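Peer 1: Quick one: sequence plus predicted model below, questions after.
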Amino acid sequence: MIIAGWVVMIVGAVVVLLLPQVSSPYVLFVATEVLLYVPLAIGQNLITGNTGVLSMGHAALYGVGAYTTGVLVSHIAIGVPLTLLASAGAAALVGLGVSLTTQRIRGDYLFIVTIGLNFIFLDVVNNSTWSGAATGLFAIAPPAGGLLAVTTPARFFYLSLGVAALCVLISLAILRSRFGRAMEAVRDDPLVAATMGLKEVPIKAGIFGVAGAMAGLSGCVLAYFLGSVGPQDFNSNISLLIFEMVIIGGLGSVSGSVLGAIVLIAVPEFLRSVQEYSLGIGGVLIVVMMVLRPEGVLGSWRTAR
Amino acid sequence: MATETLGGRLVVQNICVNYGAFRALDGVSIEVAPGSITGVIGPNGSGKTTLINAITGIQAASGTIRLDGQVLGRRSVPRRAELGLARTFQAIRLFQSMSILDNIMLGAHRLMRAGLFESVLRTPRSRREIARRRARAEVLMSVFGPRLLPRMHQLAVNLSYANRRRVEICRAFMAEPLLLLLDEPMAGMNPFETQELSEQLPELQKLVPTSILLVEHKMDVINALCSHVYVLDHGVCIIEGDPRTVQSDPAVVEAYLGVE
Ligand SMILES: Nc1ncnc2c1ncn2[C@@H]1O[C@H](COP(=O)(O)OP(=O)(O)OP(=O)(O)O)[C@@H](O)[C@H]1O
Ligand SMILES: [Mg+2]
């Protein structure tokens, strides 16, 4: 069994690495899109699946990352590595801020409040000149010949793959450490966790920071990938889509996050005729899942209460 | 391991707790001597759990609470845990999604020195620390014979009631607290299990030197374990002393009338 698992992983890795050589440009485009959503789904899952915080504003963190890159690139000559760092940092700070300002709000109430986060973000970028208002920012391109210069579809694919893989590794490392248990303790029973010395507020803020950084990385790559950023890319539908990925893939499961991104991005893309309905497909899947397998396809956290 | 100058002295002076207009504790003063097992008894609704909640900071209270001279005051629940308070709950509260071992290991949170980065990167130091605590957890579990050890990777929710209690008790001892507050640890156990636990508690206390405040309904448990006991009734401490004297007191007999 273990050997079979390794064989599957190695074959999978080889296929993924060779994808730009063997696939059509269209397949590569879709694969890159999936990879862009992996850090988003992973971050959302750390927040919701592992720490139990119902947050519905992930697109805003994604947008902060993308706009950070957009604004930086249109003002100064700056390379890809620095914009990655800046976008991750900016989105991490916003994530931290959101968590700290909403620390007294729990459960369903937080869900509603964080829906508002999407609208606040859109209001800000729609009404500011630095963000290009409703039209957004254009001509976002990396300097030629710079480090990580993303200029070809294959390079975009590898950059997204690198970012996604980094987020998978970070997430696994956190969850396997005692801090993974600490997050889950806060999720299962915050009061008991407190009697053990676990402080809910910094734990949640830290996770929002990490998830924000991951969303910021994705946002940065997206800005280069599209060559532009606009308000339409970060509305509440995107937040809902990310949320659905986690529910379908499996709360608390890193591989589930990856699966959720594949199911909700690649499947509708390849079934072109239904692409407009990807949110709705997600909704139907969720209803079916809630009946058949409430913990998600690869989920580990089963609410036993 | 053992604290040379034995710590864990709890001094509670004149604490009051109100739930709205209802006064659940009305000027209660108690003391737990270092290394002792001190009992608290009283009929249902007399304020025993409220007392534990006030000491651990879950319930706001007026009056003063001191642990080894330090006033707990407005310290938060986690801060008090860091100072060395640990507790169990009358209605068992385990982390439902976790194994027995993970539940118990979390008890040691306040003792862990490896920080976030060390733990996430699994540095040798953090791995050694985890291994050490894990060995400790196994020692504590072994006090319960084969009850927990062979099942330590199972989900805590799948255990029998008595075993879940044992896990909760191990988790609390894992913190190596200065003061351990046990809220009716024998509740729901049969006479045999109760007898067992009253032998195992001193054994655990030998492994982890700590003072214990024991809330318990069963008189024979109090008799066997406690040198000193307080009797609460309607939020007031009506008498204190050694268990046998206290039990024959007419006020206690009256408070317990129809209960025991
Ligand atoms: N959160 C609360 N709000 C209002 N009243 C409460 C609350 N918690 C406890 N009480 C009341 O305070 C009184 C003391 O309750 P407490 O739980 O401390 O009693 P106890 O001695 O632990 O009883 P038992 O033996 O049943 O566990 C009871 O009358 C109870 O109904
Ligand atoms: Mg009680």
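Peer 2: Yep, that arrived. Given the structure is predicted, the values throughout are model-derived calculations rather than measurements. Ligands and ions are numbered 1, 2, ... in the order given.

Peer 1: all contacts plus neighbour counts: C-alpha atoms, from now on.
Peer 2: Will do.

Peer 1: OK, contacts around residue 219?
Peer 2: I'll assume chain A. The contact partners of residue A:219, taken as CA atoms under 8 Å, 6 or more residues apart in numbering or on different chains, are A:62, A:63, A:64, A:65, A:66, A:67, A:69, A:87.

Peer 1: Can you look at chain B instead?
Peer 2: For residue B:219, the contact set (CA under 8 Å, 6+ apart) is empty.

Peer 1: from memory residue A:216 sits against residue A:65, does it?
Peer 2: Yes: assessed by CA atoms under 8 Å, residue A:216 is found in contact with residue A:65 at 3.8 Å.

Peer 1: Could you tell me which residues touch both of those two?
Peer 2: Joint contacts of residue A:216 and residue A:65 (CA under 8 Å, 6+ apart) are A:87, A:88, A:90, A:91.

Peer 1: Quickly name whichever of these is closest to chain B.
Peer 2: When the shared contacts of residue A:216 and residue A:65 are compared for distance to chain B (CA to the nearest CA), residue A:88 wins out at 18.1 Å.

Peer 1: so that closest one is in which element?
Peer 2: For residue A:88, the element it lies in under DSSP states H and E is helix A:80-101.

Peer 1: Same question for residue A:110.
Peer 2: Here residue A:110, judged by DSSP H and E, is contained in helix A:107-126.

Peer 1: Throw the contacts of residue A:219 into JSON lines and include neighbour count and distance to residue A:54, thanks.
Peer 2: As requested, the contacts of residue A:219 are arranged in JSON lines below (neighbours: other CA atoms under 10 Å in any protein chain shown; distance: CA to CA, whole Å):
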{"residue": "A:62", "neighbour count": "31", "distance to residue A:54": "17"}
{"residue": "A:63", "neighbour count": "31", "distance to residue A:54": "19"}
{"residue": "A:64", "neighbour count": "28", "distance to residue A:54": "20"}
{"residue": "A:65", "neighbour count": "34", "distance to residue A:54": "21"}
{"residue": "A:66", "neighbour count": "32", "distance to residue A:54": "23"}
{"residue": "A:67", "neighbour count": "30", "distance to residue A:54": "25"}
{"residue": "A:69", "neighbour count": "33", "distance to residue A:54": "28"}
{"residue": "A:87", "neighbour count": "32", "distance to residue A:54": "24"}
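
Peer 1: Could you count how many residues lie near the closest residue to residue A:255 other than its chain neighbours?
Peer 2: Distances taken as CA to CA, 6 or more residues apart in numbering or on different chains place residue A:298 nearest to residue A:255, at 6.9 Å, with adjacent residues excluded. By the criterion of other CA atoms under 10 Å in any protein chain shown, residue A:298 has 22 neighbours.

Peer 1: Quick one: residues contacting residue A:298.
Peer 2: Residue A:298 is in contact with A:249, A:250, A:253, A:255, A:256, counting by CA under 8 Å, 6+ apart.

Peer 1: Swap in 6 Å and give it another go.
Peer 2: Applying CA atoms under 6 Å, 6 or more residues apart in numbering or on different chains to residue A:298 gives the contacts A:249, A:250, A:256.

Peer 1: Quick one: the helices in chain B, in order.
Peer 2: Listed in chain order, the helices of chain B (DSSP state H) span B:48-56, B:77-83, B:100-106, B:116-120, B:124-142, B:161-174, B:191-207, B:219-225, B:243-247, B:250-256.

Peer 1: Ok, which of the ones you listed comes nearest residue A:95?
Peer 2: Closest approach to residue A:95 among the helices of chain B (CA to CA): helix B:116-120, 18.6 Å.

Peer 1: Could you check how far stretch B:234-254 is from the centre of its chain?
Peer 2: Mean-position distance between stretch B:234-254 and its chain equals 22 Å (CA atoms, centre = their mean, to the nearest Å).

Peer 1: since we're on residue 106, how many residues are nearby?
Peer 2: Just going to use chain A. Using other CA under 10 Å, residue A:106 has 14 other residues around it.

Peer 1: my bad, the chain I had in mind was chain B
Peer 2: Neighbourhood size, residue B:106 [other CA under 10 Å]: 26.

Peer 1: Over to residue B:245?
Peer 2: Residue crowding around residue B:245 was assessed by other CA under 10 Å; the count is 11.

Peer 1: and the gap between it and residue B:226?
Peer 2: 12 Å (CA to CA, to the nearest Å).

Peer 1: and the residue lying farthest from the centre of chain B, what does it touch?
Peer 2: Each residue of chain B has a distance to the centre, and by CA atoms, centre = their mean the biggest one is for residue B:121: 33.8 Å. Listed by CA under 6 Å, 6+ apart, the contact set of residue B:121 is empty.

Peer 1: Just the pLDDT at it, thanks.
Peer 2: Looking at residue B:121, its pLDDT stands at 93.

Peer 1: And the shared contacts of residue A:216 and residue A:65, which is closest to ligand 1?
Peer 2: residue A:91 (39.7 Å; CA to the nearest ligand atom).

Peer 1: Quick check: the closest one touching residue A:216?
Peer 2: Yes: counting by CA atoms under 6 Å, residue A:91 does reach residue A:216; the two are 5.1 Å apart.

Peer 1: ok, residue A:81 - how many residues close by?
Peer 2: Based on other CA under 10 Å, the number of other residues close to residue A:81 is 13.

Peer 1: do residue A:104 as well
Peer 2: 9.

Peer 1: Who are the contact partners of it?
Peer 2: For residue A:104, no contacting residues are found, by CA under 6 Å, 6+ apart.

Peer 1: rewinding a little: checking the residue nearest to residue A:255 next. Helix, strand or coil?
Peer 2: Assigned by DSSP: H, G, I helix; E, B strand; the rest coil, the conformation of residue A:298 is coil.

Peer 1: quick one, phi psi at it?
Peer 2: For residue A:298, the backbone dihedrals (degrees, to the nearest 10) come out as phi -110, psi 20.

Peer 1: Residue A:240: what's its closest spatial neighbour, skipping adjacent residues?
Peer 2: Nearest residue to residue A:240, sequence neighbours excluded (CA to CA, 6+ apart): residue A:56, at 6.7 Å.

Peer 1: My guess is that neighbour contacts residue A:113. True?
Peer 2: No: counting by CA under 6 Å, residue A:56 sits too far from residue A:113 to count as a contact (8.4 Å).

Peer 1: These two: which has the busier surroundings?
Peer 2: Comparing residue A:56 with residue A:113 by neighbour count (other CA under 10 Å), the higher total belongs to residue A:56, at 26 against 17.

Peer 1: Could I get the contacting residues of the most centrally placed residue in chain A?
Peer 2: For chain A, residue A:40 is the residue whose C-alpha lies nearest the centre (CA atoms, centre = their mean; 0.4 Å). Neighbour list for residue A:40: residue A:215 [criterion: CA under 6 Å, 6+ apart].

Peer 1: Run through the residues of chain A sitting next to ligand 1.
Peer 2: Applying the criterion CA under 6 Å from any ligand atom, no portion of chain A neighbours ligand 1.

Peer 1: What residue, apart from its backbone neighbours, is nearest the residue of the stretch 151-300 of chain A found nearest chain B spatially?
Peer 2: Going by CA to the nearest CA, chain B is nearest to residue A:197 of the stretch 151-300 of chain A, at 3.8 Å. Once flanking residues are discounted, residue A:197 sits nearest to residue B:78: 3.8 Å by CA to CA, 6+ apart.

Peer 1: ok, back up a step: what is the mean pLDDT for the helix holding residue A:110?
Peer 2: On average, helix A:107-126 scores 94.

Peer 1: any idea which helix or strand comes after that helix?
Peer 2: Proceeding N to C from helix A:107-126, the next assigned helix or strand is helix A:153-176, under DSSP H and E.
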